[in-house]
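**Q** Output the structure for:
(2 chains)
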Amino acid sequence: MKPENKLDYKDWNRRLDAGDRSDSLQDLAAHLQNLSPTPDGPSMTFQVKLRAGLLDQYGRRPPVSLLPVRRWITWGLMLLAVVGLTLAGLHLFPGSVPAVSAAEILGKANLRLSERLATGDVVYDRLLLDWDQGGDWKRKGVIAELWRSADGTYLRYQLLDRSSLLFFEQYDGERLWRSSQVRPVEGREVTFVYNAPYVPGFNYLEDKQLVAQLLFRDLSNFWMYIDQMASADHSTCAALFCALSVLGEGWECTENGCTLNLGPVLEDKDFIITAMVTRQYRLPSGREVYEVRLSGPESGDQFYTNLKIDTTTFDLLEIEDFWHGQMHYRISLVERKTLAWRDLPEGFFQTVPEGIEVRQWNSTIPLGHKEGDRVWVISADPPQGASLSGVITARLEIGYRLTSVQEAEIEVGMSWVGHDSPYAIQGAKVPVTAGEGTVQMNVTVDTDQLPEGKWAVGAGFFDTMGVSPNTGWSGGGAPLGIYLEWCIRCSTEPPKP
Amino acid sequence: MSTSDEQSLVENARYDPRAFAELYDRYVKPVFWFALRRTGDRTQAEDVTSATFEKALRHLRQYGWKGSSYLAWLYRIAYQQIVQHHRHNHRYVSLLSDWPTETDVEQQAQSSLQRQAIVQAWQNLSKNDQEVISLRLFDRLSSTEAAEFLGCSIENVYVRLYRALEHLRHQLEALEELPGEKNS
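**A** Below you'll find the predicted structure:
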């Protein structure tokens, strides 16, 4: 009997796997398998040589050293400075150096942070940001506001420049509200946000990097590395201050400073970071701080991060990141408070700032704000909201800008809205090189093979490993930004924007 | 090998070469067969196998464990290697006719007519149909692993395999109806 629903198909496949040959197709499947016996394996010589070669590579280059190249180029640049930092000592840090160790300060700061985070349901941070990353990436006096739930979920993140909204992102557990600018710190003011359903694993790429990818431009940044790691392992830490929870214990101190091996946490063999108390002084705000300098392995006076920690309360008040000896950015804590849910108006995380228009997504909105890379749909046929059946050939015109790698593929994929069910359209890939441009793609979708309902259609960059250049994401399915929504075999079309 | 055992082995392989060697021993033949079935050439299949494991080693940290199969991930790498190395003259090698089999002469003779018909029908199938049949029946991936490889849902694999076999049967029936093409 021919399957009529997905349970029937499941049962048919299960019976096939169990060796059932009760229908003609199962019999055909068995026949195919009989006609294609397993061939001989590779020669033993080949197997042994390859095995030895791989183990040799493993020994010479531990897996962790094979992280994204950019990061390690940066660490490589840090190589010479570590010796210089050690030898330079007080010459680099004029003034009196407090006797207290960096480990003790970081331990107390971590404890202070934990105590404060334990007091509410939602953590609110108000931060003052200064960038100076060269080119367009210069900005002073930007305010970042972040709301996170106690379990680490970002609920709202917005950037403001005086009265202008530069960036907005919000998540209420079901839907997303986002501004569409790719690099909001360049200065374009947000006038609208788009609203889209949350599709698991599909469009919510930036869950751990909401802050990092805007505040920190490059994955090679030391702080981001720590921040990502901390976010993964310590979900209750708060945004930019995650590092403290990682840097709390395990230090070994000498008169030259303290070292901590993050290797076990990072699943690395050795990842030694160094912390030194460089000075004790008063901030313009009047608060007295210890300045603790953190540098990565093979790091030094070119790449480091300064933490400013209150000498009395041990609150982390400021972070400064230095590249090539120049300040890269500064993040200052203006206000932190913990809130109970009852303190927030009902539906607070479903509202947007006054004067900002909310649009339902449509195909012309260029979504995604990952560094300089972006892909967007210029036009689509069938258009947004179309109801489809049978085999359709869709024509998509896609604009792109690729800056982070020299070559990548733009891949179009689909995902069943409301289900964790991505569908990779075979052959829907176009190779592109770094730069800007448009590509035309004709993709064929056999909707008879897809469950009925709403399907989101999106595109993204992937390298030949199927890894997104920006996120390092890999695996089945494609974590793509959502651009279109089609409805497959729907009796009524979804509302158009 | 249970899912949890494989998960544990992959986790350990990140810092223990013995665990990586065990993964290699376990999967080198399936990866080679996967490549051989798609390239039809043992030398090329060895090249693909080498490149696959070298990339797997380099990207060990990027393999995200989500309950998915490590073998399916290796197949994805191998597939990308095949596409990459045959970018300019890539063809989907027939899984039934091009790669060498070890069946004896008598067995080959007995099945030659059936094989000929199936090969012809196979060549008329869409690439999508060929792919899902190959993964499930020749590479012996489970529906879950095939879904991981194809980037689709398991339910989708269920439906696609059934319909691909239906298409193959229709092709065979069409061949039988042609004069001079009766093979059964």
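**Q** element containing residue A:144, please.
**A** strand A:138-149 (DSSP states H and E).
**Q** tell me the secondary structure for residue A:384?
**A** Classification of residue A:384 using DSSP: H, G, I helix; E, B strand; the rest coil returns coil.
**Q** I figured it hits residue A:487, correct?
**A** No. With contact defined as C-beta atoms under 8 Å, residue A:384 and residue A:487 do not form a contacting pair (10.3 Å). The C-beta positions use only the backbone N, C-alpha and C, and glycine is treated the same way.
**Q** helix/strand/coil for residue 119?
**A** I'll assume chain A. Using three-state DSSP, the structure places residue A:119 in coil.
**Q** nope, chain B
**A** helix.
**Q** what's the distance between it and chain A?
**A** Using C-beta to the nearest C-beta, to the nearest Å, residue B:119 is found at 9 Å from chain A.
**Q** How many residues are close by that residue?
**A** Residue B:119 has 15 neighbours, counted by other C-beta atoms under 10 Å in any protein chain shown.
**Q** likewise residue A:115?
**A** Considering only other C-beta under 10 Å, residue A:115 is surrounded by 10 other residues.
**Q** Tell me which helix or strand comes right after whatever helix or strand it lives in.
**A** In the assignment (DSSP H and E), residue A:115 maps to helix A:102-117. Later in the chain than helix A:102-117, the nearest helix or strand by DSSP H and E is strand A:122-132.
**Q** now the angle from that next one to helix A:102-117?
**A** Using axes from the mean of the first three to the mean of the last three C-alpha atoms, to 10 degrees, one finds that strand A:122-132 and helix A:102-117 are set 130 degrees apart in direction.
**Q** partners of strand A:122-132 in the sheet?
**A** Sheet pairing here is set by DSSP bridges, and for strand A:122-132 it gives strand A:138-149 (antiparallel), strand A:326-339 (antiparallel).
**Q** quick one, which of these is nearest to residue A:315?
**A** Nearest to residue A:315, of all the strands paired with strand A:122-132, is strand A:326-339, at 7.3 Å by C-beta to C-beta.
**Q** can you tell me the average pLDDT over the closest one?
**A** The average pLDDT within strand A:326-339 is 83.
**Q** Buried residues in it, which are they?
**A** Buried residues in strand A:326-339, counting neighbours by 16 or more other C-beta atoms under 10 Å in any protein chain shown, are found at A:328-333, A:336, A:338.
**Q** Over to stretch B:42-49?
**A** Buried, per 16+ other C-beta under 10 Å, within stretch B:42-49: B:42, B:44-49.
**Q** Next: stretch A:256-265.
**A** Result for stretch A:256-265 [16+ other C-beta under 10 Å]: buried residues A:257-262, A:265.
**Q** Which of those residues fall within strands?
**A** A:257-261 (DSSP state E).
**Q** of those, closest to chain B?
**A** The nearest member of these to chain B, counting by C-beta to the nearest C-beta, is residue A:261 at 13.5 Å.
**Q** Now that closest one. Nearest residue, chain neighbours left out?
**A** Once flanking residues are discounted, residue A:261 sits nearest to residue A:272: 5.3 Å by C-beta to C-beta, 6 or more residues apart in numbering or on different chains.
**Q** distance of that neighbour from chain B?
**A** As judged by C-beta to the nearest C-beta, residue A:272 and chain B stand 16 Å apart.
**Q** Go ahead and confirm that residue touches residue A:258.
**A** No. Contact criterion C-beta under 8 Å: residue A:272 and residue A:258 do not qualify, at 10.6 Å.
**Q** shaky segments in chain B?
**A** B:1-4, B:61-68, B:83-113, B:151-152, B:178-184 (pLDDT under 70).
**Q** ranges for the helices of it?
**A** Under the criterion DSSP state H, chain B contains helices at B:3-13, B:17-39, B:42-58, B:70-85, B:105-123, B:127-133, B:143-150, B:154-177.
**Q** mind checking which of the ones you listed is nearest residue A:448?
**A** Closest among the helices of chain B, using C-beta to C-beta: helix B:154-177, at 7.5 Å.
**Q** Could you confirm whether the closest one reaches chain A?
**A** Yes. Using C-beta under 8 Å from any C-beta of the partner chain, helix B:154-177 reaches chain A at B:154-163, B:165-166, B:168-169, B:172.
**Q** Stretch B:44-62 too?
**A** Yes. For stretch B:44-62, a contact with chain A is found by C-beta under 8 Å from any C-beta, at B:45-46, B:49-50, B:53-55, B:57-62.
**Q** what's the domain layout of chain B?
**A** B:1-93, B:96-184 (automatic domain parsing).
**Q** Please identify the most buried of the helices of chain B.
**A** Highest mean neighbour count among the helices of chain B (mean count of other C-beta atoms under 10 Å in any protein chain shown): helix B:143-150, with a mean of 24.
**Q** ok, so what distance separates residue A:292 from residue A:250?
**A** Using C-beta to C-beta, to the nearest Å, we find residue A:292 at a distance of 16 Å from residue A:250.
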